[in-house]
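Peer 1: Kindly generate the corresponding structure for this input.
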Amino acid sequence: MRKIQASATGYPANATGRSAVEGIRPQIQDLRTENIAQLAVKARELGGVIPLWYGEGDVVTPAFIREAAKAALDAGNTFYIPNMRGMDALNETLSAYQTRIHGRPIGIDRSTVAPGGMQALFLALEMLVDLGTNVVYVEPQWPNIHNAIHMVGGEPRPVPLRFDGDWRLDLDALFDRCDARTRAIFLSTPSNPTGWTASTEEMRVLLEFSRSTGIWIISDEVYGRLYFDGDVAPSMLQIADDDDRVLSVNSFSKAWAMTGWRIGWLTHPTGVADHLAAMTQYANSGTAGFVQAGAEVALRQGESLVAEIRGRAKTGLDLAYERLGGISSLELPEKPRGGMYTFFRLRGEPDAQAAAARILETSRVGLAPGHLFGDASRAFLRMCVMRDAREIETALDRMVNALD
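Peer 2: Residues are numbered from 1 along each chain as shown. The predicted structure is shown next:
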């Protein structure tokens, strides 16, 4: 047997003693799960903790959606779906749904179904981002965004919202952060964690910048139906044409109480539909048919559910602002226009990690520390209010007693 020697290609003559980790891509070596593991361990020790650190409601997916998925299973819908972009019935319903809520035609070929909104986002990034390019994104931001950009080989470039009692987007600062290697601008609207919502005018300026530079806009609109000033938040899809470089990420997780189902969609120009179908084939081979069946019925029959979920978020937010607003040591931004979070800071505490641990200890309430969402929000704490009102009231009672 021939003995393998070191070569000019750089392969080692002897890799004995090297760890498996040293053999994987640097972008993967650098990845860390941004979570609240230490706080969660402490919560188990304490017992009786109300966990409001997760971005998830407490509503079980309603029966009409579950029954549709069960019926699909009973009908034998357990095979591959030939159309990698989704079942015909779901694509047709998505087209009708988006056309209705956004007030302009959005054709069947403009949506690709994915196993979760995160997978839809990942498809968008994989389609656009090369090594050596960058994505400019608005923060505070869901930590998955920074890490997904990094994972595909791009440079994550955050641009913070300005905070002056409310969160505001500085478009000039955003555009100044872009350069010849910028492939996309990413924003979440309504935002996780701040609830900040881009105005239609801000979106028009973003669209004009995209048209003049060729830079894509990726708009995360997962919380678009949890908007309190109307039926749906302002959307890039309300102003962008089919040939614009605009991608909208969405999901069934929040507004239809389907987090564990893992189904979302990407709305895109018709011209990239075939490319996304090919990517889907090689990335995940499509989304399960019975899951798509549940999602299709959720869209067709779920408007009352969306209204209920929106009302639940608004009730929780109102309770939080009513109770926390009286605590002098606590600073609340203006009440968000959308989303399912209260995002606040304690005066005089520049880093909320210690505050999150202290509130957990004294109040038995679990909050997410702001550093998870970027340096711009290191002093803030995120509280999910998409819970039963009585549980939110109990959590607020405990926090008021501990903080006031």
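Peer 1: Please make it C-alpha for all contacts and neighbour counts, starting now.
Peer 2: OK.
Peer 1: Now residue 380: phi and psi?
Peer 2: The phi/psi pair for residue 380 (degrees, to the nearest 10) reads phi -100, psi 160.
Peer 1: For it, list the residues it contacts.
Peer 2: Counting by C-alpha atoms under 8 Å, 6 or more residues apart in numbering, residue 380 touches 343, 344, 345, 346, 351, 352, 369, 370, 371.
Peer 1: what's across from it in the sheet?
Peer 2: Here residue 380 sits in beta bridges with residue 345, going by DSSP bridges.
Peer 1: what's the spacing between it and residue 227?
Peer 2: Per C-alpha to C-alpha, to the nearest Å, residue 380 is found 22 Å from residue 227.
Peer 1: Residue 229 should be in a helix, yeah?
Peer 2: No: counting by DSSP: H, G, I helix; E, B strand; the rest coil, one finds residue 229 to be coil, located in no helix.
Peer 1: ok, residue 256 - how many residues close by?
Peer 2: Using other C-alpha atoms under 10 Å, residue 256 has 26 neighbouring residues.
Peer 1: What of residue 60?
Peer 2: By other C-alpha under 10 Å, 12 other residues sit near residue 60.
Peer 1: so where's the stretch 51-200 of the chain uncertain?
Peer 2: Of all residues in the stretch 51-200 of the chain, none has pLDDT under 70.
Peer 1: show me where it has strands.
Peer 2: Listed in chain order, the strands of the stretch 51-200 of the chain (DSSP state E, counting those that start in this stretch) span 111-114, 134-139, 155-160, 162-163, 167-168, 182-188.
Peer 1: tell me the SS of the spatially closest residue to residue 121 that is not a sequence neighbour?
Peer 2: Once flanking residues are discounted, residue 121 sits nearest to residue 249: 6.1 Å by C-alpha to C-alpha, 6 or more residues apart in numbering. Using three-state DSSP, the structure places residue 249 in strand.
Peer 1: in the sheet, who's paired with residue 249?
Peer 2: In this entry, residue 249 is beta-bridged to residue 220, residue 266, by DSSP bridges.
Peer 1: Residue 209: what's it in contact with?
Peer 2: Residues near residue 209 by C-alpha under 8 Å, 6+ apart: residue 215.
Peer 1: For my notes, confirm it occurs in a strand.
Peer 2: No: the assignment for residue 209, made by three-state DSSP, is helix rather than a strand.
Peer 1: measure it to residue 246 for me?
Peer 2: Separation of residue 209 from residue 246 (C-alpha to C-alpha): 12 Å.
Peer 1: Give me the neighbour count for residue 45.
Peer 2: 10.
Peer 1: Can you tell me how far it is from residue 397?
Peer 2: For residue 45 relative to residue 397 (C-alpha to C-alpha), the value is 22 Å.
Peer 1: Now do the longest helix seen in the chain: which elements does it pack against?
Peer 2: Counting residues, the longest helix in the chain under DSSP state H turns out to be helix 303-324. Helices and strands touching helix 303-324, by 3 or more C-alpha pairs under 8 Å, 6 or more residues apart in numbering; DSSP states H and E, are strand 341-346, helix 389-403.
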